[in-house]
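Chemist: build me a model from this:
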Amino acid sequence: MAGLTLKKAQRSKAYLKLGMSAPSGGGKTLGALLIAYGLMKEKYPVDSEEARWGKIAIIDSENGSGELYVGKDIGNVKIGDYNAITLTPPFTADKYTEAIGLCKDNNIEVCIIDSTTHLWAGQGGLLEQQGNAAKRSGNSYTAWRDVTPQHNQFIDTMLQTPMHVIATMRSKQEHVQEKDPVSGKTSVRKIGLNPVQRDGMEYEFTMFLEIDAEHQAFGSKDRTSLFDQQTFKITPAVGVTLMKWLDGGVETAPTIVAVASHPADPELALKNIKAEIIQMCKALGGQGNAVLMEILKSYEPTNSNPNKITDEGKLVELRAALTELSETKN
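Modeler: You can find the predicted model right below:
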């Protein structure tokens, strides 16, 4: 097994991995197209509009709505002829990863996935698969054993493919009543809540934008620090700014200043899974959570201690079961 290396930390040129959530009608598709165009406008300042739009593709699971913007004038931008891949039910992880690969093979530079919500909660998506497996086995927790690896594979493909990716997702909706302090009139406003995706999905991205019903974006998580905790209107300028940041890294490989003489611990993966499970147990309330203790006992009947489990397959299965329990709790 190869040894570890110690190197000077420096920011390399990177590919944008941007997540966006919005309630229905919030403008996530159009916002993604405008950002994608801004990225290509900054990278290819002398190219034609046709060439810039030709480097953009949308993976559309929204019943063809992703293609409705072609030819429209939005502000001072005319939406050009971008590429499209239409996904139909069942919305399996394999279809999404295949579509990402198809974009990469055809030299697409910005891939918009609109939306990842269907992968999670759509017809034939992961939640439906998990529900069907639970009915067959009678155990909703172990039913995640086959579903979780599919979701992880999709995430890995999205993050590791050398291509800019903008992934949209629907957000849950809620209506709030607001009273105007001057007129005294009450109005109802639609707001977006958590994205309809697996809990914690937003942390996978370089940057995550929450878009409200008034088409205003909020930078809820931003490793670039360019839009962190800011509220703004999405225009191509957002993409231009992000591309400047992305191109600010270094292209050359970093200089290695030291090489570890000891190989990696072959048991490290097992230890990491156990540590993750222990943290999840603490967050779920430990021995005070009867459901948690019942799950642990089904995997380690002696004393319900995850540290006593030596089979990696069982540990992975237990982690999936605790993940579902966490999502149910939240």
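
Chemist: burial of the residue nearest to Met169 when sequence neighbours are not counted, as a residue count?
Modeler: Leaving aside its sequence neighbours, Met169 sits nearest to Pro195 (Cβ to Cβ, 6 or more residues apart in numbering; 4.3 Å). Every residue, glycine included, has its C-beta placed from N, CA and C. Using other Cβ atoms under 10 Å, Pro195 has 25 neighbouring residues.

Chemist: the helix or strand harbouring Leu322 - what's its average pLDDT?
Modeler: Per DSSP states H and E, Leu322 falls inside helix 312-329. Averaging pLDDT along helix 312-329 yields 74.

Chemist: contact partners of it?
Modeler: With Cβ atoms under 8 Å, 6 or more residues apart in numbering as the contact definition, helix 312-329 has outside contacts at 130, 140-142, 144-145, 147-148, 198-199, 269-270, 273-274, 276-277, 280-281, 283-284, 291-292, 295-296, 299, 306, 309.

Chemist: can you pull the buried residues of that helix?
Modeler: For helix 312-329, the buried set under the neighbour-count rule, 16 or more other Cβ atoms under 10 Å, comprises 315-325.

Chemist: next one: stretch 113-123
Modeler: Buried residues in stretch 113-123, counted by 16+ other Cβ under 10 Å: 113-122.

Chemist: same question for stretch 281-300.
Modeler: 281, 284, 289, 292-293, 295-296, 298-299.

Chemist: tell me how many other residues surround Asp228.
Modeler: Asp228: 13 neighbours (other Cβ under 10 Å).

Chemist: for the closest residue to it other than its chain neighbours, give the beta-bridge partners.
Modeler: Setting aside the residues directly before and after it, Asp228 is nearest to Asp222 in space (Cβ to Cβ, 6+ apart), at 4.0 Å. Note on Asp222: beta-bridge partners by DSSP bridges are Met207.

Chemist: if we can go back for a sec, pipe the buried residues of stretch 281-300 into CSV and attach pLDDT per row.
Modeler: Formatted as CSV, the buried residues of stretch 281-300 follow (pLDDT from 0 to 100):
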residue, pLDDT
Cys281, 84
Leu284, 82
Asn289, 84
Leu292, 82
Met293, 85
Ile295, 84
Leu296, 84
Ser298, 82
Tyr299, 83
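
Chemist: between those, which sits nearest Gln229?
Modeler: Leu284 (29.8 Å; Cβ to Cβ).

Chemist: next up, the contacts around that closest one.
Modeler: Residues near Leu284 by Cβ under 8 Å, 6+ apart: 292, 322, 325-326, 329.

Chemist: just say helix, strand or coil for the residue of the chain most remote from its centre.
Modeler: Distance to the chain centre peaks in the chain at Ser183, reaching 42.1 Å (criterion: Cα atoms, centre = their mean). Judged by DSSP: H, G, I helix; E, B strand; the rest coil, the three-state class of Ser183 is coil.

Chemist: number of residues surrounding Asn307?
Modeler: For Asn307, the neighbour count with other Cβ under 10 Å is 12.

Chemist: re earlier: of the buried residues of helix 312-329, closest to Asp94?
Modeler: Ranked by distance to Asp94 (Cβ to Cβ), these are led by Ala320 at 19.1 Å.

Chemist: excluding chain neighbours, what is closest to the closest one?
Modeler: Nearest residue to Ala320, sequence neighbours excluded (Cβ to Cβ, 6+ apart): Trp144, at 3.5 Å.
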